[in-house]
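Student: okay, predicted coordinates and the sequence, questions at the end:
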Amino acid sequence: MTEGSVRVDVWIWSVRLVKTRSAATAACRGGHVRVNDERVKPAAPVRPGDEVRVRLDGRERIVVVQRVIRKRVGAPVAQECLIDKSPPPPPREALIPIARRDRGAGRPTKRDRRELERLRALPHDPPGR
């Protein structure tokens, strides 16, 4: 690695895009981190001017590296090290609530399953099966 670069997993952890260093490494290994539109391994270098895309929790963060840092810093300092070009998160109302069964309610009945499929608009089994 050259002097003006740092590992991508260390950088995304340092600027607080992920909570832990191990989560940053796992995101890189899982293919959720791209530098200049290329999937990268955790040890890939980032330099000022690189575009880093991180997909976490169903949301993509797009940032441009302003300054490389190797240690985790406070949030105000971390914001100076990047330019955030991410689209705004969807409003809370737009998120679809997940249907959950009451604890101890047991397995869903055939009637419950058909209602769930109807709600999800999934095609159901053809009659006669």
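Tutor: Done, it's in.

Student: you'd agree Glu115 is in a strand?
Tutor: No. Secondary structure assignment places Glu115 outside any strand; it is helix (DSSP: H, G, I helix; E, B strand; the rest coil).

Student: how many neighbours does it have?
Tutor: A count of nearby residues for Glu115, using other CB atoms under 10 Å, gives 13. For glycine as for every other residue, the C-beta is placed from the backbone atoms N, C-alpha and C.

Student: cool, Arg107 as well?
Tutor: Arg107 has 7 nearby residues by other CB under 10 Å.

Student: which ones are touching it?
Tutor: Listed by CB atoms under 8 Å, 6 or more residues apart in numbering, the contact set of Arg107 is empty.

Student: next one: Gly49
Tutor: By CB under 8 Å, 6+ apart, the contact set of Gly49 is 64-65.

Student: how close does it sit to Arg72?
Tutor: Separation of Gly49 from Arg72 (CB to CB, to the nearest Å): 22 Å.

Student: also Arg100?
Tutor: 36 Å.

Student: which one's more surrounded, those two?
Tutor: Legend: neighbour count by other CB under 10 Å for Arg100 and Arg72, higher for Arg72 (14 against 7).
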